[in-house]
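Student: Below are the sequence and a predicted model; questions follow.
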Amino acid sequence: MRKLFLTLATAVITASLSNVPVLAAGGGDVVLRQADWSFSGPFGTFDKASMQRGFQAYTEVCAGCHSMNYIAFRNLADLGYNEAEIKAIAAEYEVVDGPNDEGEMFTRNGIPADRIPAPYPNELAARAANNGAYPPDLSLIVKARANGADYLYSLLTSYQDAPAGTAVPEGMYYNAAYSGHMIAMPQPLYGDDVEYADGADTSMDAVAKDLVNFMAWTAEPALEERKRTGVAVMIFLVLLSGLSFGAMRFIWADVKKTGA
Ligand code: HEC
């Protein structure tokens with residue numbers, strides 16, 4: 001029994017620590033590329049500079065097709081922007097508001113409380129503009145796919161020429177990381193798609209990583225807090241175990257001495 005337990009425990013610990021290549025959401029023959037994410041592991045934290053670059057890349061490259069419905073401009077404070085910067089970012093957007101006193105909808109400049117406006121008014125409009133395919137909302141995509149961070153990183157960097165003999169239908173593209181390999185999204189990143197104010201690397205790989213850092217945050221803004229709480233709870237439990245053990249020794253000391 002004890003041996004079985006030990007074997008099981010070892011297996012579980014080895015599996016959780018090892019860095020075996022992971023299979024993508026759809027399974028099959030897809031092997032994902034992996035990177036060291038600052039937010040993974042029990043002490044994980046977000047890389048704010050990278051998240052700001054990822055937000056810029058999302059805005060300039062992806063936002064034309066993909067919405068980010070769960071993020072309001074004021075949430076961007078988590079990326080390290082101050083109030084004035086957030087106001088300025090929001091003001092660059094036109095937001096539909098209303099109805100006004102005449103019952104009409106109208107547009108105005110964005111304010112920090114607004115959500116990031118979506119590129120299309122509804123799913124049908126989105127499909128009509130994308131050959132019938134639907135570009136999903138990206139707010140939660142890292143949580144919505146197995147191994148989300150590695151998957152998104154791989155998806156963005158795995159567009160290839162189809163192997164000889166594989167026919168790619170009109171309006172589809174070959175992507176080694178996508179389940180089934182045929183995706184309706186044209187390759188969004190080629191390298192040097194953005195210009196970063198901080199002079200950071202703009203290769204396809206680096207921009208893809210910035211996007212993953214940004215979208216890991218949009219999918220779970222409270223990740224750092226959750227991990228901090230987890231560590232604090234572990235420390236508390238270790239201290240409590242020590243204290244309980246000490247108390248046990250103290251209480252049983254006399255009993256053991258007399259052998260009663
Ligand atoms: C020209 C429009 C367009 C642009 C620009 C675009 N996408 Fe897409 N994207 C799509 C479409 C269409 C789909 C749906 C693909 C399908 O269903 O085959 C999609 C699907 C996706 C998916 C979901 C894949 C899955 O597993 O279902 C992700 C993630 C994604 N895009 C991320 C991005 C990111 C990040 C960017 C910016 C770097 C971006 N896209 C830029 C149109 C676009």
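Tutor: Yep, that arrived.

Student: For the residue lying closest to Met182 once chain neighbours are set aside, what are phi and psi?
Tutor: Nearest residue to Met182, sequence neighbours excluded (C-beta to C-beta, 6 or more residues apart in numbering): Met172, at 4.6 Å. C-beta coordinates here come from the backbone N, C-alpha and C atoms, glycine included. Main-chain dihedrals, Met172, degrees, to the nearest 10: phi -120, psi 160.

Student: Next one, pLDDT for Met172 please.
Tutor: pLDDT, Met172: 96.

Student: Can you check the pLDDT for Val255?
Tutor: 84.

Student: secondary structure element for it?
Tutor: helix 223-258 (DSSP states H and E).

Student: residue ranges with poor pLDDT in this structure?
Tutor: Within the chain, the stretches with pLDDT under 70 are 1-2, 4-28, 258-260.

Student: The spatially most central residue of it: helix or strand, and which one exactly?
Tutor: Most central in the chain under C-alpha atoms, centre = their mean is Ala216, positioned 2.1 Å from the mean C-alpha point. Counting by DSSP H and E, the element that carries Ala216 is helix 204-219.

Student: Name the surrounding residues that touch that helix.
Tutor: With contact meaning C-beta atoms under 8 Å, 6 or more residues apart in numbering, helix 204-219 is reached by 35, 37-39, 46-47, 50-51, 53-55, 57-58, 61-62, 68, 70-71, 78-79, 138-144, 148-149, 152-153, 156-157, 189-191, 193-194, 200, 223.

Student: And for stretch 133-145?
Tutor: By C-beta under 8 Å, 6+ apart, the residues outside stretch 133-145 that reach it are 24-25, 58, 62, 65-71, 118, 123, 126-127, 148-149, 151-152, 171, 184-185, 212, 215-216, 218-220.

Student: For the ligand, tell me whether that stretch is touching it.
Tutor: Yes - Stretch 133-145 reaches the ligand (C-beta under 6 Å from any ligand atom) through 133-136, 138, 141, 145.

Student: ok, which pair from those is furthest apart?
Tutor: Distances among the residues of stretch 133-145 next to the ligand were taken as C-beta to C-beta; the most separated pair is Ala133 and Arg145, at 16.6 Å.

Student: more neighbours, those two?
Tutor: Arg145 (19 against 15; other C-beta atoms under 10 Å).

Student: And the more buried one, its phi and psi?
Tutor: Dihedral angles of Arg145 (phi, psi; degrees, to the nearest 10) stand at phi -120, psi 150.

Student: about what we covered before: measure the residue nearest to the centre of the chain to the ligand for me?
Tutor: 12 Å (C-beta to the nearest ligand atom, to the nearest Å).

Student: next one: Tyr153
Tutor: For Tyr153 relative to the ligand (C-beta to the nearest ligand atom), the value is 10 Å.
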